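K.L.:
sequence plus the predicted model coming up.
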Amino acid sequence: MGDLVFNAEMTFGSWTHVHMDLLERLSLFHGIFIFSLAVPSSCCPELCNCHVGRVNCTGKGLRYVPENISPLTIALLLPRNAISALRPSSFFRLDHLQRLELQINLLSQLHLQAFQGLQSLRYLDLSFNLITYLQPETFNPLTSLTTLNLGNNRIRSLDPSAFRLLPSIQELLLHNNDLHVLDVSVLQKVPSAASFRLDGNPWACTCQILPLWRWMDENRDKIQEKEAIRCGLPGNRDQYPVLAIGKNHFRRCLENFTKHDYLFIFLIGIGLFMCSIFACFISSLAVVAYNRLRFKYKTRPHVYKKKIGAYVNRVVIDDEETNKAI
């Protein structure tokens, strides 16, 4: 009897599991079906393939981001084309877009408002393009972005606030660019990131890289391909692993003034010079005021003496005249 009850419970449990799995599959199929009805075929750009929220325009020779993309698109694939620029609001109305692939194009410019409205985007691939510079506010609208791939471009410098407003970023890839130096605050302002790639850049292993070297040394666990991060300058350090450099290499950097130190000294010098001019002006005013007061002080008693003497003489004369009259 116990075995019968146990078998019945097992059968009922198995049937329930199968039933729940079937319900989940039906629910997923129902969602896909509703989505397919909600996206008419006219919302698929010419030359592209569209299927269930995924628009694939890979290798179609496109020169611009196509129009007529469904606002319900979740993934937009545009690799291996000839797109050279992203215009303002190139992805207008794509509020649900989560994945955008633009690798292997001819992108050299990203308009400041190119990614406006992509607050749901989580993955952005801009690798293998011709990007040399990024405006600080370019990625500000991407508040949900977790992965940003900027590898294999020609980026020479990055503004310290380039990624400041990416609170969800987890992976930042900057490999194979033309970075010689990098303000360490670029990396410090993305504390949520757990993975970086900095290899393939011709790093200048001089005193300028010291703050970045310290950051790398303290965050080795976050850096991918750390062995491939190598010096490009100076000549005696060419292709030398950056993280293999010891602290002794930077000892002279601590003994010499940096450009910031010289700037500070210069500003202090200007401040002292202006203060000295102001002090001279005030002291000259004080001297002039003192001389004027001194002059008045010397001249006033002399006038009083004349008046008093004249009055005394007049009194004496009056007395003499009075005595004669008597």
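P.N.:
Sure, I can see it.
K.L.:
quick check: which ranges of the stretch 201-326 of the chain have low pLDDT?
P.N.:
For the stretch 201-326 of the chain, the stretches with pLDDT under 70 are 236, 254-262, 298, 300-326.
K.L.:
mind doing that once more with 50?
P.N.:
Applying pLDDT under 50 to the stretch 201-326 of the chain picks out residues 303-304.
K.L.:
quick one: the helices in it?
P.N.:
Taking DSSP state H, counting those that start in this stretch, the helices of the stretch 201-326 of the chain run over residues 210-218, 251-255, 259-325.
K.L.:
tell me the spacing between Thr73 and Tyr290.
P.N.:
Between Thr73 and Tyr290 the distance is 83 Å, computed by Cβ to Cβ, to the nearest Å. From N, CA and C alone the C-beta is placed, and that goes for glycine too.
K.L.:
for Phe196, which three-state class applies?
P.N.:
Assigned with DSSP: H, G, I helix; E, B strand; the rest coil, Phe196 falls in the strand class.
K.L.:
residues touching it, list them.
P.N.:
Phe196 sits next to Glu171, Leu172, Leu173, Leu174, Leu187, Asn219, Lys222, Ile223, Gln224 when contact means Cβ atoms under 8 Å, 6 or more residues apart in numbering.
K.L.:
any quick PyMOL command for the buried ones out of those?
P.N.:
Selection command for PyMOL covering only the buried members of the contacts of Phe196, criterion 16 or more other Cβ atoms under 10 Å:
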select buried, resi 171+172+173+174+187+222+223
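K.L.:
just the ones of the contacts of Phe196 in strands?
P.N.:
Of those, the ones assigned to strands by DSSP state E are Glu171, Leu172, Leu173, Ile223, Gln224.
K.L.:
which of the residues you listed lies closest to Ser108?
P.N.:
Set against Ser108, the nearest of the ones in strands among the contacts of Phe196 by Cβ to Cβ is Leu173 (18.8 Å).
K.L.:
measure the residue nearest to Gly53 when sequence neighbours are not counted to Arg99 for me?
P.N.:
Of all residues not flanking Gly53 in the chain, Ile74 sits nearest, at 3.9 Å (Cβ to Cβ, 6 or more residues apart in numbering). According to Cβ to Cβ, Ile74 and Arg99 sit 7 Å apart.
K.L.:
tell me the domain ranges of this protein?
P.N.:
Domain assignment for the chain by automatic domain parsing gives 37-197, 257-326.
K.L.:
is the residue nearest to Gly53 in contact with His96, as I believe?
P.N.:
Yes - using Cβ atoms under 8 Å, Ile74 is in contact with His96, at 5.8 Å.
K.L.:
identify the contacts common to the two.
P.N.:
With Cβ under 8 Å, 6+ apart as the test, Ile74 and His96 both reach Gly53.
K.L.:
need the strands for the stretch 51-200 of the chain, in chain order.
P.N.:
54-56, 75-77, 85-86, 99-101, 109-110, 123-125, 147-149, 171-173, 195-197 (DSSP state E, counting those that start in this stretch).
K.L.:
who does the third one touch, helix- and strand-wise?
P.N.:
Taking 3 or more Cβ pairs under 8 Å, 6 or more residues apart in numbering; DSSP states H and E as contact, the helices and strands that strand 85-86 lies on are strand 109-110.
K.L.:
what helices and strands are in contact with the strand it packs on?
P.N.:
If contacts are counted by 3+ Cβ pairs under 8 Å, 6+ apart, strand 109-110 sits against strand 85-86.
K.L.:
tell me the strands beside the strand it packs on, with direction?
P.N.:
strand 109-110 (parallel) (DSSP bridges).
K.L.:
distance to Leu285 added to the strands of the stretch 51-200 of the chain, as CSV?
P.N.:
Output for those, formatted as CSV (distance: least, Cβ to Cβ, whole Å):
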stretch, distance to Leu285
strand 54-56, 77
strand 75-77, 72
strand 85-86, 63
strand 99-101, 68
strand 109-110, 58
strand 123-125, 65
strand 147-149, 61
strand 171-173, 60
strand 195-197, 61
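K.L.:
and those as TSV, adding mean pLDDT and distance to Ala228?
P.N.:
Output for the strands of the stretch 51-200 of the chain, formatted as TSV (pLDDT from 0 to 100; distance: least, Cβ to Cβ, whole Å):
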stretch	mean pLDDT	distance to Ala228
strand 54-56	97	32
strand 75-77	97	28
strand 85-86	92	30
strand 99-101	98	24
strand 109-110	86	27
strand 123-125	98	20
strand 147-149	97	16
strand 171-173	97	13
strand 195-197	96	9
